[in-house]
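Engineer: sequence plus the predicted model coming up.
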Amino acid sequence: MRIAFLTSGRCVPSSRFRVLQFVPYLQRLGYECLVLPSRPDKYRSLPLLGFRWSGLVKRWNRRSDLATLNRWSPDIVVLERELFSDGSCDLEQELRRIARRLVLDIDDGLFVLDRHKFEVLCGLSDHVIAGNDLLATRVRPINPRVTVIPTCVDVDRYHSADSRQPTADSRNTVFCPPHRLGWTGTAANIDYLEVLREPLKTLSREFDLELRVIAESDRPLRKLAFDRDGIRTCFVRWSEATEIADLCAFDIGLMPMPDTEWTRYKCGLKILQYMAAGVPAVASPVGVNSEIIRHGVNGWLATTPDEWLFVLRQLLSEPVRRASVVEAARTSVEQRYSITVQLPRLIACLEAVCVGQ
């Protein structure tokens, strides 16, 4: 079977975790795969052109991709999310005319951004792969051919590291690193950390701690200005090469998130990364977060600033409590959210679509 993937970009999280990490496994099993990413990435612009003119470049490149698809003649085309994050549907409709079978993969509530486009894309597709049950529920009235495949991680790449080994200088004076409370994600979501301002302000007076943020830009973090409230903050620029090692340096992984129509449909990726890396996770009970985390068993849930303060104070005071969930957390990922478990489901779905089932 020949499978073509149209993705949002080489470094876009949805592309990396919904498509790119599966491709080497598919190829080893004998499937021919062609990956055609947005150029530049769907949500980026070329430095000298700005977003508007970069959009024209993206359209030109996508027309070239459609010509490539026409020549390559894949059995299935998998469209990750959409070709463009705007209201246009013309190239997606042209793609439908080219593709023998079209599969739409979604991991976000795209209908919140543009309901009409979401309905058009679902209607054009032979099958839809949804990242969670909530998304599938929104798809089924438009297209009943839906398979739920959660966002997952390649667990074998995540090796827990003990980043809290004390160090000593030449005089054998022992230094212990601060408690590292970490967050990773896109720069656009750094504002979600605002709910932690008061809890972290209080905890910074009680513990030696550091808020460590991994993202591609620190501009939103500078706007939050946690340092002014006495919260030691460290920015780590995201790099694919160091991503896992940077995650393993966390003592506690954070995922605060407001309960909105947009966030309710997210797939909990950062929680899964924390859990796979052996980092205890604390998250807001929004959407699938409450399915992934069983409070006190494989992680913790917190909603209000007072709840965050209570949970984090307990975890900082009692390291044994943090350690108690690490094994259960990794087991949860291995059993439900790993490539090992989800790859056979993806293959079965694509094979069934290929034969018209």
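Structural biologist: Alright, I've got the coordinates. Bear in mind the structure is a predicted one, so any value in this text is a computation, not a measurement.
Engineer: hey, where'd the strands end up in the chain?
Structural biologist: 2-7, 32-37, 76-80, 102-106, 127-130, 146-148, 167-168, 174-175, 179-184, 209-215, 233-237, 252-255, 281-283, 300-301 (DSSP state E).
Engineer: of all those strands, which one comes closest to G356?
Structural biologist: Closest approach to G356 among those is made by strand 127-130 (10.3 Å; C-beta to C-beta). Every residue, glycine included, has its C-beta placed from N, CA and C.
Engineer: before we move on, back to that, so which of the strands of the chain comes closest to A323?
Structural biologist: strand 252-255 (11.6 Å).
Engineer: what is that closest one packed up against?
Structural biologist: Contact here means 3 or more C-beta pairs under 8 Å, 6 or more residues apart in numbering; DSSP states H and E; on that basis strand 252-255 packs against strand 179-184, helix 269-276, strand 281-283, helix 305-317.
Engineer: can you list contacts of the second one?
Structural biologist: Right, the one you point to is helix 269-276. Contacts of helix 269-276 with the rest of the structure, by C-beta atoms under 8 Å, 6 or more residues apart in numbering, involve 13, 17, 151-153, 155, 158, 183-185, 247, 250, 253, 255, 280-281, 283, 289, 292-293, 298-299, 329-330, 332-333, 337-338.
Engineer: just checking, what's the longest helix in this structure?
Structural biologist: Secondary structure assigned by DSSP state H gives helix 50-72 as the longest helix of the chain.
Engineer: residues of that helix that come out buried?
Structural biologist: Buried residues in helix 50-72, defined by neighbour count with 16 or more other C-beta atoms under 10 Å: S54, G55, K58, R62, D65, L66, L69.
Engineer: same deal with stretch 202-213?
Structural biologist: T202, L203, S204, L209, E210, L211, R212, V213.
Engineer: list the contacts of the first one.
Structural biologist: For T202, the residues meeting the contact criterion (C-beta under 8 Å, 6+ apart) are L309.
Engineer: and what of the last one?
Structural biologist: By C-beta under 8 Å, 6+ apart, V213 lies in contact with G182, W183, T184, I190, L193, L221, T233, C234, F235, V236.
Engineer: ok, back up a step: could the strands of the chain go into JSON lines alongside distance to G268?
Structural biologist: Output for the strands of the chain, formatted as JSON lines (distance: least, C-beta to C-beta, whole Å):
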{"stretch": "strand 2-7", "distance to G268": "20"}
{"stretch": "strand 32-37", "distance to G268": "24"}
{"stretch": "strand 76-80", "distance to G268": "18"}
{"stretch": "strand 102-106", "distance to G268": "15"}
{"stretch": "strand 127-130", "distance to G268": "14"}
{"stretch": "strand 146-148", "distance to G268": "14"}
{"stretch": "strand 167-168", "distance to G268": "34"}
{"stretch": "strand 174-175", "distance to G268": "35"}
{"stretch": "strand 179-184", "distance to G268": "13"}
{"stretch": "strand 209-215", "distance to G268": "17"}
{"stretch": "strand 233-237", "distance to G268": "21"}
{"stretch": "strand 252-255", "distance to G268": "8"}
{"stretch": "strand 281-283", "distance to G268": "8"}
{"stretch": "strand 300-301", "distance to G268": "12"}
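Engineer: please identify the buried residues of stretch 7-21?
Structural biologist: For stretch 7-21, a neighbour-count test (16+ other C-beta under 10 Å) marks 7-9, 11-21 as buried.
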